[in-house]
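S.K.: quick check, what structure comes out for this input:
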Amino acid sequence: MSEHNINTINMYNSGGALEYIHNNEENPETEKWERLFNYIEKGLNNDKSKTIVELGSGCGELAIKLQNEGYNITATDIVDDFLNEQKKIGINKVLKYNFLTDNYDDILDTKADLIVSWRNPHLDMDDMKKLFEVAHNALNDNGLLIINFQNADVHLNANILPNGTKYDYKILEDKQTKEKRFYAYFSKEDIDNLRKDLFEINEYHTEGGSEKKNWHVLTLKKIK
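M.R.: A predicted model of the protein is given here:
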């Protein structure tokens, strides 16, 4: 796990998660989560027999929406304040799971049909490689990974780590915590390299910002 990821986790554990939760209560992004829910339903063809695991569930907006609509969803995170919030809002399956250090089979008792990793911009290139490997191993045959990445094409002046990760440390004035946080950016070529031999693309688009290009959004299908 990279030092930058650790820095973000430490920020959340030292009060950042509670600030994030408070911000979410004051300014819920209902439309964004509704749009993601609809995107997931489309990817699953509304099949509620599918097993879903979310990596990094945060405040639990997606998980509770899926659960309330009858889907079998397990929410996971590694920050206790987020896990407590997920339980507070009524999510039935909440697990503390660090996919970068924990063995999936030790924590979860079943393979998944869908894994969701949404808004996890604190993962650098090496952490993302691990996520793709874990997701591939944790999915049933033909399972899906739905994931988004901040778009490097929108951040042309970003710094670059030795492993090729484009990044900034910045504060988002209108959201979440006022502490600086690590944000990694990926090009489409970066994503193709990450998924190589593991996943094929089922669907791809960009969204966010005035030009709707801030985020890459992908539904990826496991290659056996």
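S.K.: drop to CA atoms for contacts and neighbour counts, all remaining ones
M.R.: Fine.
S.K.: which residues in the chain form strands?
M.R.: With DSSP state E, the ranges of strands along the chain come out as 51-54, 72-77, 94-96, 112-117, 139-151, 159-160, 166-170, 181-186, 199-207, 215-222.
S.K.: closest to E19 out of those strands?
M.R.: Nearest of the strands of the chain to E19, taken as Cα to Cα: strand 181-186 at 13.6 Å.
S.K.: how close does the residue lying farthest from the centre of the chain get to L44?
M.R.: For the chain, the largest distance from the centre (Cα atoms, centre = their mean) belongs to N157, which lies 24.2 Å off. Per Cα to Cα, to the nearest Å, N157 is found 37 Å from L44.
S.K.: just V116 next, same as before
M.R.: Distance, V116 to L44, by Cα to Cα: 12 Å.
S.K.: then K93?
M.R.: Counting by Cα to Cα, the gap from K93 to L44 is 20 Å.
S.K.: same check on L83?
M.R.: With the distance defined as Cα to Cα, L83 ends up 26 Å from L44.
S.K.: can you check N13 too?
M.R.: For N13, the distance to L44 (Cα to Cα) stands at 34 Å.
S.K.: what is the burial count for the nearest residue to I64 once chain neighbours are set aside?
M.R.: Excluding its sequence neighbours, the residue lying closest to I64 (Cα to Cα, 6 or more residues apart in numbering) is I91, at 5.7 Å. Close neighbours of I91, defined as other Cα atoms under 10 Å, add up to 21.
S.K.: who's in contact with I91?
M.R.: I91 sits next to 60, 63-64, 67, 75 when contact means Cα atoms under 8 Å, 6 or more residues apart in numbering.
S.K.: correct me, but M1 touches L100?
M.R.: Yes - between M1 and L100 there is a contact at 6.2 Å, judged by Cα atoms under 8 Å.
S.K.: okay, and the common contacts of those two?
M.R.: Residues touching both M1 and L100 (Cα under 8 Å, 6+ apart): D127.
S.K.: picking that back up, save the contacts of I91 as a markdown table, and put in neighbour count and pLDDT too.
M.R.: As requested, those are exported to a markdown table (neighbours: other Cα atoms under 10 Å; pLDDT from 0 to 100):
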| residue | neighbour count | pLDDT |
| --- | --- | --- |
| G60 | 25 | 96 |
| A63 | 30 | 97 |
| I64 | 22 | 97 |
| Q67 | 18 | 97 |
| A75 | 27 | 98 |
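S.K.: in helices, which of these appear?
M.R.: Using DSSP state H, the members of these that fall in helices are 63-64, 67.
S.K.: what pLDDT does K65 get?
M.R.: Listed pLDDT for K65 reads 97.
S.K.: pick the one among the ones in helices among the contacts of I91 closest to F182.
M.R.: Taking these together and measuring to F182 by Cα to Cα, the closest member is A63, at 24.6 Å.
S.K.: list the buried residues of stretch 116-126.
M.R.: 116-125 (16 or more other Cα atoms under 10 Å).
S.K.: how about stretch 206-223?
M.R.: Under the neighbour-count criterion of 16+ other Cα under 10 Å, stretch 206-223 has 206, 213-222 buried.
S.K.: and stretch 17-27, by the same measure?
M.R.: 17-21, 24.
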